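Asker: Structure, please.
(chains A, B, C and D)
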4 protein chains.
Amino acid sequence: MTLDSDVSGAWLTREEMESARQRLPILYVDAVPVRVDEAGEVTEVGLLLRADEEGNISRALVSGRVLYGERVRQALLRHLEKDLGPLALPRVPTSPQPFTVAEYFPVPGITPFHDSRQHAVSLAFVIPVEGDCQPRQDALEITWMAPHEARDHRVLADMVGGQGTLLQHALAHVGV
Amino acid sequence: MTLDSDVSGAWLTREEMESARQRLPILYVDAVPVRVDEAGEVTEVGLLLRADEEGNISRALVSGRVLYGERVRQALLRHLEKDLGPLALPRVPTSPQPFTVAEYFPVPGITPFHDSRQHAVSLAFVIPVEGDCQPRQDALEITWMAPHEARDHRVLADMVGGQGTLLQHALAHVGV
Amino acid sequence: MTLDSDVSGAWLTREEMESARQRLPILYVDAVPVRVDEAGEVTEVGLLLRADEEGNISRALVSGRVLYGERVRQALLRHLEKDLGPLALPRVPTSPQPFTVAEYFPVPGITPFHDSRQHAVSLAFVIPVEGDCQPRQDALEITWMAPHEARDHRVLADMVGGQGTLLQHALAHVGV
Amino acid sequence: MTLDSDVSGAWLTREEMESARQRLPILYVDAVPVRVDEAGEVTEVGLLLRADEEGNISRALVSGRVLYGERVRQALLRHLEKDLGPLALPRVPTSPQPFTVAEYFPVPGITPFHDSRQHAVSLAFVIPVEGDCQPRQDALEITWMAPHEARDHRVLADMVGGQGTLLQHALAHVGV
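Answerer: From the prediction side, this is the model:
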C-alpha cells in the first residue's frame, strides 16, 4: 500500500477519510502487472519502486482505493494508468473473481497483510500489460523481472505490508 | 440486502454510517447456504424469507456488512449465525477467493445489482451448512429447495436487488 | 463437441482413438470466445455455426482434444486458430485455473454435459479475442452477439451436448 | 504421483494402460488434505509418507487417476478413502473449479511438474477432512503439520514430481 493520492480529488476531505479509516474496512484493489507470451504464460512481472513520505524506498504492486460509485474494473484501470502511464494497455480480466482477497489490518500478525493506516480489504488481480509503461507520480520506476527472479527473497524483502506474500500468491495462481 | 441490524452494536452511530454510505463503497459478504451430499454436490439451496420495513416479503441470501477489524471469514460466520441460528454448522471455504464479487450501486442498471441505500461491494461465497437451521431476527423462515427449483423464474422474481442473478451465478459456479 | 479433426494428424490411428474412447476419460478444452471493452467487460460472445456428419446445423463453442505432450495453453491456441483463423489474436488467460470443468458422459443425465462418443473432461475458459475471425474447417460461420442475446433460450436450444449450459456458466463467471 | 494401484481393478489391462500412457494425456486428481478451524482457516496440512517400488521414501499428496465413467468428485473420494481410510470424512468442494491444473510431463522442465511414466493432467483441490485418518495401501503414514512447517524447504525437498510446488500453490490459494 502506498501514499493515498486519491484523497485530494475524491468525495471526502482528508479529515473525513481519516475518520472513516478508523471505523470501516476500506475497499482496495491490488494489481500485479505482468508481461505474457502469445500462449498467456507469464514471462515477466512488473514491480514499482516507490518512495514513502520519509524517503524510504520499497518495491510495490499497483494498489489503491475504490471510490464511491466506481466499478472495481474502473478502479483497476485508474490505478494502473496512474502508476504505469496512459500507454500501458492493461488487459483487465473478464471475470470479477479476484485470485485472492488480501485483508490488511492496522495491527500486524492477524493476516500476512498489514497497513498501519487502516483496515483495507483488497481484491487482487494479475493484469497483463501490452504497451509502454511510464511510471508517474510517486512511482520512481518500474522493474520487469522473470517470475523466478521476482520470487527471490531479496526482492520480496523490499516489499512492505505483506505485498511480497501477495506477489507469491499471484505467481502461484499463474502456475509458476 | 437487508435491514442493517449491525449498526446498533457497531463502531459507528446510525448517522455516521448513513454519512459513510454516501461517500465510500461499503464492504459486504453474500452467502448462499447449501446442503451437499457426501461427494460435495449441492442437493439443496437455502433461501430466507424476509420482511422489509414496509412489510414486503422477499426471498434473500445471507448478506451483511464486514465490520472494522473483522476478518471476512468472521463476518460470514456472524451473518450465518444471525440468519440461520447457532446450530447451522456452516463450512466456510478454505480459500478467501470468492466465486464472484457483486457490486451493488444505488442507481439501478450499472450492474445487475442494486441497493438504494448505498454502494456496496460484496464478496460472494457458497457455504455448505450441515446442522439445524433456525432463522432468527428479521428472517421469517428458511426454505430449502432443489437447485432446479431455485432457478425457477418465480423464485428468482421474489428476490430483490439482483440477488436472483447472484443465486444463478452461484448455481453456475457449483455446476448445476 | 464436434467432429474430431485432430485424429488424422495425431499420435493414434482412428481405431486406437476409438478404443481409448471406450476406456479412458479424454481430456478436452472448451473456449468461449468473447469481445471485451477496455475495462475487460464482455461486450459480445462468439458462437460457431457447425454442421455435423449428418448435416445438422448447431451452434457451438470452440472445443477440442488435448494431445499427448501438448500444454493445455497450446491446445487452446490450436483449437482457437483452427476455428477462428490465424488472425483472431486470442488472449489466453494467465492462470491455468479454468472457470469450470465440464464432464461429458456418453450416457445423458449424469451431468448437464453429454457426448455420445466418449467420456470427455473439459477445462473451460473464457477467451477474449482481439483480431479478425475467419472460421475454417467444419465451422461455417461465427456469430457475435451481446451477452443477453446469447442467453436467449432459442440460442441456447441450438447448442448440443450441454454447451448451452456451459455458455450460461461462462456468462455467470464474467458477471453478466 | 504414486504406484497406480487403480490399474488392476479397472477397464484396461496393464499393457493397454501402458500403451495409452504413451499416446494420450491421462486425467488425474490431486488432493491436499487439510484440517480447518470453525472459520474455515487451514490449521494443518496432511502429507503422506510413501515408499516407491525401489523403497525410496517420499512425501506425497493424495493423487490418482480418474477412471472411465467416473465423476471427478467420485475419483477424489475414492483416492482419499484409499489413502486416508474410510473414516476420514473428506469435504469435497461444492464447485468443480480446481484451484489449479498441474500438467505432469514425462520430460522434466516443461512445467514444474514431472512424471516419468506419462503425460498426466491433474485437477488439484484442497480438501478439508474432519474424521480419523488411517493410511492404507502404499501410504505408510500421514503427517499433519502447520502450514508454515509444510512450506519448509526440507519438507518440500521430500516431495517428488513437483508436488512440493503444487503444495505451495495450494497454500497460496488458501491465503497462508
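
Asker: Just the closest residue of chain A to chain D, please.
Answerer: A:Ala172 (3.6 Å; Cβ to the nearest Cβ). Bear in mind the C-beta positions are built from the backbone N, C-alpha and C, glycine included.

Asker: What is the neighbour count of the spatially closest residue to that residue that is not a sequence neighbour?
Answerer: Closest residue to A:Ala172 in three dimensions, ignoring its sequence neighbours and counting by Cβ to Cβ, 6 or more residues apart in numbering or on different chains: D:Ala172, at 3.6 Å. With neighbours defined by other Cβ atoms under 10 Å in any protein chain shown, the count for D:Ala172 comes to 23.

Asker: ok but D:Ala172 is inside a helix, no?
Answerer: Yes: secondary structure assignment places D:Ala172 in a helix (DSSP: H, G, I helix; E, B strand; the rest coil).

Asker: Hmm, it is touching A:Val176, no?
Answerer: No: checked against Cβ atoms under 8 Å, the pair D:Ala172 and A:Val176 is beyond contact range at 11.4 Å.

Asker: And the contacts of the helix or strand hosting A:Leu49?
Answerer: Under the assignment given by DSSP states H and E, the secondary-structure element containing A:Leu49 is strand A:42-51. For strand A:42-51, contacts defined as Cβ atoms under 8 Å, 6 or more residues apart in numbering or on different chains pick out A:2, A:32-37, A:57-62, A:83-84, A:126, A:129, A:133, A:135, A:138-147, A:150, A:155, A:159, A:167, A:170-171, A:174, A:176, C:94.

Asker: one more time with 6 Å, if that's ok
Answerer: Counting by Cβ atoms under 6 Å, 6 or more residues apart in numbering or on different chains, strand A:42-51 makes contact with A:2, A:33-37, A:57-60, A:83, A:138-145, A:147, A:150, A:174, C:94, all of which sit outside it.

Asker: Skip ahead from it and say which helix or strand is next.
Answerer: Using DSSP H and E, the helix or strand that follows strand A:42-51 towards the C-terminus is strand A:57-60.

Asker: tell me how far that next one is from the chain's mean position?
Answerer: For strand A:57-60, the distance between its averaged C-alpha position and the chain's averaged C-alpha position is 11 Å (Cα atoms, centre = their mean, to the nearest Å).

Asker: can you check stretch A:94-113 too?
Answerer: Going by Cα atoms, centre = their mean, where stretch A:94-113 is centred and where its chain is centred differ by 11 Å.

Asker: Please apply the same query to stretch A:100-117.
Answerer: For stretch A:100-117, the distance from its own C-alpha centre to the chain's C-alpha centre is 14 Å (Cα atoms, centre = their mean).

Asker: Over to stretch A:26-41?
Answerer: Taking Cα atoms, centre = their mean, one finds stretch A:26-41 lying 10 Å from the centre of the chain it belongs to.

Asker: how about it, does it reach chain B?
Answerer: Yes: using Cβ under 6 Å from any Cβ of the partner chain, stretch A:26-41 reaches chain B at A:Leu27.

Asker: does any part of that stretch sit near chain D?
Answerer: No: for stretch A:26-41 and chain D, the contact criterion (Cβ under 6 Å from any Cβ) is not met; the two come no nearer than 9.9 Å.

Asker: buried ones in that stretch?
Answerer: For stretch A:26-41, a neighbour-count test (16 or more other Cβ atoms under 10 Å in any protein chain shown) marks A:26-34, A:36, A:40-41 as buried.

Asker: which among the residues you listed gets closest to chain B?
Answerer: For those, the residue nearest chain B by Cβ to the nearest Cβ is A:Leu27; the value is 4.8 Å.

Asker: tell me the SS of that closest one?
Answerer: Recorded secondary structure, A:Leu27: strand (three-state DSSP).

Asker: give me the beta-bridge partners of it?
Answerer: Counting by DSSP bridges, A:Leu27 forms beta bridges with A:Val121.

Asker: Mind giving me the packing neighbours of the lengthiest helix in chain A?
Answerer: Across chain A, the helix with the greatest residue count (assigned by DSSP state H) is helix A:72-84. In this structure, helix A:72-84 packs against strand A:26-36, strand A:62-65, with contacts taken as 3 or more Cβ pairs under 6 Å, 6 or more residues apart in numbering or on different chains; DSSP states H and E.
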